[in-house]
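Chemist: Task: produce atomic coordinates for the following.
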Amino acid sequence: IDMQVRASERSRFLSEAAFALSSSLEAQNIIDSFMRLAVERFSDGCMLVLPDDVGTMQRAAIVHRDAASTERARRRARGAPLGAQGPVIRVIETKQPVLIPAVTDRTRAGARNADNVVIGGLFEPTHSILVVPLLIADRVAGTISFVSSDPAFAFDDADVGIAEAAARQLAVALENARSFERERNATERLRYLARATDELFGTENPQTNFENLLKALVGPRADLAGLYVIEPAGTVRVNAIAYSGAQNAIVEELRGQQLYTPEGERGFCELVARHRPWLRADVTLDSLRAIVHPFLIPIIQRVQPRSLLIVPLFTSDVDFGALGLYLSERNFTEADIELFEELGRRISLSLEHARSVRRERRLVQTLQEVILPSQLPAIPGVVLSTTYAAATTSDAPVGGDWYDAFELPDGRVVLSIGDVTGRGLH
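Modeler: All right, here's what the predicted structure looks like:
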C-alpha cells in the first residue's frame, strides 16, 4: 500500500507541476509554484540553485514543509557559498544527478560519502538527498535539490526519474519566462529610448533637456545620474545631476563642481577616449578618495554607491564627457549597459546638435552684423538714427532683415529696407 501511495504521489507531483509551470510566464511565480508542489508531493525540503546576473550559481529558493525548518535553512544559507565538493557542484560539473539514499551520522555535517561528495547541512534533519540538473539542451541552467527529513523515507532510482522529468519541465518553464522577460524588457527599452529622445530635444535649451532626462532616469534605472563635461582646459565638471533618494538636496551640491583631482581627471579623460562603457561593481570610499577632491567625499558618502557605470559621450571629432550612473543596492546588468550605451549615443547626438546650433548662430549673427551698415551718411539738416530688434524667439538676435542709407552722385540720399528670405544661413 505504501508503494502504491508513493507512486500515486509521484504521478500527481508531475501532473500538477506540468499544469502549474504552464500557467504563468513570470519566473518568480513559476519558482514559487514548483517549490510548493515539491514539498507537498515529493519531498520534505527543496532548494533551487540558479545563475545570478553575472552567471554565478546562487541559491534562488529554499523551502521546507515545516516553516521553522525553512527559516533555519535560510539563515544557514545567508552568506554561505555553495560547497566546492558538495552535491550541487558535483551535479553542475557532471550534468548527472546525485542520489544519496541514506545520510548517516558518519556522512552528515560536512563529511564525505563513498562518492567523495561532501554532505551539506542546510535542512535538519536530513536523511536522504537527491540533486538533479536543470538542463537546456546540453547547458546546465541550475539544479534542484530534494531532501527527506523522514528516516523511514529514502529516495530511490524511481525518484531520480521523477525528479529529472520535473527538472526538465522547470528548466523549460524558466527558459520561456526568461525569453518572455527579455522580449518585454527589449520593448520597454525601446519605449524608454523614445521618451529619452523626446526629452533630449524637448526644448531649445540643452541644459533644461539634460536636467529633465536625468530626473526621468533616476529611480527605475539608477540611484544617481550625472552628466560630466570635459572643458577645453581638460578639467571635468558636473554639468547636470539627479538623485532618487531623500538626500537629493545634498547631492545638488555636486552640480557645477570640479569633481576629480588632476590625477582623476587624467584617468577620466583616458577612459572617455576609449569610447567604451566602463563598469565597476565594487565601488568603495577608499577607491573614490584616490580620485575625488576630499571636500566632496562626505557628499558622495551619503549616496553610498556600490556599482558605477561610465558611458562616454563623443562624436568622431570630439569627446564631450560621460554619463555617470550609480546604484546602491545591486549591480548593473549587461542589459543595463546596452541600454545606457545607446542612450549615450543619443545624448552625444544632442550635444553635437547643440554645438552645431551654437556655431550656426554665431555665423548667422556675424552675417547679420555684416549686412547692416556700420555707420550712416551725414546729411546736413537731417538726423538719421536706427534701431534694430529681430522678431525672433531664439537666443541669437538674428532676423535676416536689413537696412541701409547711402548718398547718390547728385547728392540725394537713398534709404532702403529689405528682408532676406529663408531661415538661418539658408
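Chemist: Surely residue 30 and residue 178 touch.
Modeler: No - between residue 30 and residue 178 there is no contact under C-beta atoms under 8 Å: 10.3 Å. Quick note: C-beta positions are derived from backbone N, CA and C, even for glycine.
Chemist: what about these two, which has more around it?
Modeler: Set residue 30 next to residue 178 and count neighbours by other C-beta atoms under 10 Å: residue 30 wins out with 21 against 14.
Chemist: Look up how far residue 65 lies from the more buried one.
Modeler: 20 Å (C-beta to C-beta, to the nearest Å).
Chemist: same thing with residue 18?
Modeler: The gap separating residue 18 from residue 65 is 21 Å, by C-beta to C-beta.
Chemist: Kindly report the same for residue 417.
Modeler: Noted for residue 417: a distance of 93 Å to residue 65, by C-beta to C-beta.
Chemist: Ok, residue 208 next?
Modeler: From residue 208 to residue 65 the distance is 59 Å (C-beta to C-beta).
Chemist: what does residue 186 give?
Modeler: For residue 186 relative to residue 65 (C-beta to C-beta), the value is 39 Å.
Chemist: how close does residue 173 sit to residue 183?
Modeler: Residue 173 is 16 Å from residue 183, by C-beta to C-beta.
Chemist: Those two: which has the busier surroundings?
Modeler: Applying other C-beta under 10 Å to residue 173 and residue 183 shows that residue 173 carries more neighbours, namely 25 against 10.
Chemist: Tell me the helix or strand right after the helix or strand hosting that one.
Modeler: Counting by DSSP states H and E, the element that carries residue 173 is helix 157-200. Using DSSP H and E, the next helix or strand after helix 157-200 towards the C-terminus is helix 206-217.
Chemist: for the helix or strand following that following helix, packing partners?
Modeler: Downstream of helix 206-217, the next assigned helix or strand under DSSP H and E is strand 224-230. Applying 3 or more C-beta pairs under 8 Å, 6 or more residues apart in numbering; DSSP states H and E, we find strand 224-230 packed against helix 206-217, strand 236-243, helix 262-273, strand 319-327.
Chemist: buried ones in the first one?
Modeler: Along helix 206-217, the positions that meet the burial threshold by neighbour count (16 or more other C-beta atoms under 10 Å) are 206, 209-217.
Chemist: Pull the distance from stretch 181-201 to the chain's centre.
Modeler: Averaging C-alpha positions (C-alpha atoms, centre = their mean, to the nearest Å) puts stretch 181-201 13 Å from its chain's average.
Chemist: Buried residues in it, which are they?
Modeler: Neighbour-count burial for stretch 181-201 [16+ other C-beta under 10 Å]: 189, 192, 196-197, 199-200.
Chemist: for those, which one is nearest residue 122?
Modeler: residue 189 (37.8 Å; C-beta to C-beta).
Chemist: Which secondary structure element is home to the residue nearest to that closest one when sequence neighbours are not counted?
Modeler: Nearest non-adjacent residue to residue 189, counting by C-beta to C-beta, 6 or more residues apart in numbering: residue 339, 5.1 Å away. Element membership for residue 339, per DSSP H and E: helix 334-371.
Chemist: After that helix, which helix or strand is next?
Modeler: strand 401-407.
Chemist: in the stretch 1-150 of the chain, which ranges drop under the pLDDT threshold?
Modeler: The model of the stretch 1-150 of the chain has pLDDT under 70 over residues 1-4, 104-121.
Chemist: can you do 50?
Modeler: For the stretch 1-150 of the chain, the stretches flagged by pLDDT under 50 are 1, 106-114, 116.
Chemist: which stretches of it form helices?
Modeler: 2-21, 27-41, 67-77, 87-94 (DSSP state H, counting those that start in this stretch).
Chemist: So which elements touch the last one?
Modeler: Other elements packing on helix 87-94 under the criterion 3+ C-beta pairs under 8 Å, 6+ apart are strand 98-100, strand 128-136, strand 139-148.
Chemist: and the closest residue to residue 223 other than its chain neighbours, how far is that from residue 297?
Modeler: Setting aside the residues directly before and after it, residue 223 is nearest to residue 328 in space (C-beta to C-beta, 6+ apart), at 4.9 Å. Here residue 328 is placed at a distance of 16 Å from residue 297 (C-beta to C-beta).
Chemist: So for the two, which sits in the more crowded spot?
Modeler: residue 328 (15 against 12).
Chemist: Spit out the contact partners of the residue nearest to residue 199 when sequence neighbours are not counted.
Modeler: Counting by C-beta to C-beta, 6+ apart, residue 199 lies nearest to residue 213, which is 4.4 Å off, once chain neighbours are set aside. Listed by C-beta atoms under 8 Å, 6 or more residues apart in numbering, the contact partners of residue 213 are 196, 199-200, 347.
Chemist: Look at the spatially closest residue to residue 7 that is not a sequence neighbour and report its pLDDT.
Modeler: Excluding the flanking residues, the one nearest residue 7 by C-beta to C-beta, 6+ apart is residue 158, at 8.0 Å. With respect to pLDDT, residue 158 scores 89.
Chemist: okay if I get the contacts of residue 213 as JSON lines plus distance to residue 6?
Modeler: Below are those laid out as JSON lines (distance: C-beta to C-beta, whole Å):
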{"residue": "196", "distance to residue 6": "58"}
{"residue": "199", "distance to residue 6": "62"}
{"residue": "200", "distance to residue 6": "64"}
{"residue": "347", "distance to residue 6": "63"}
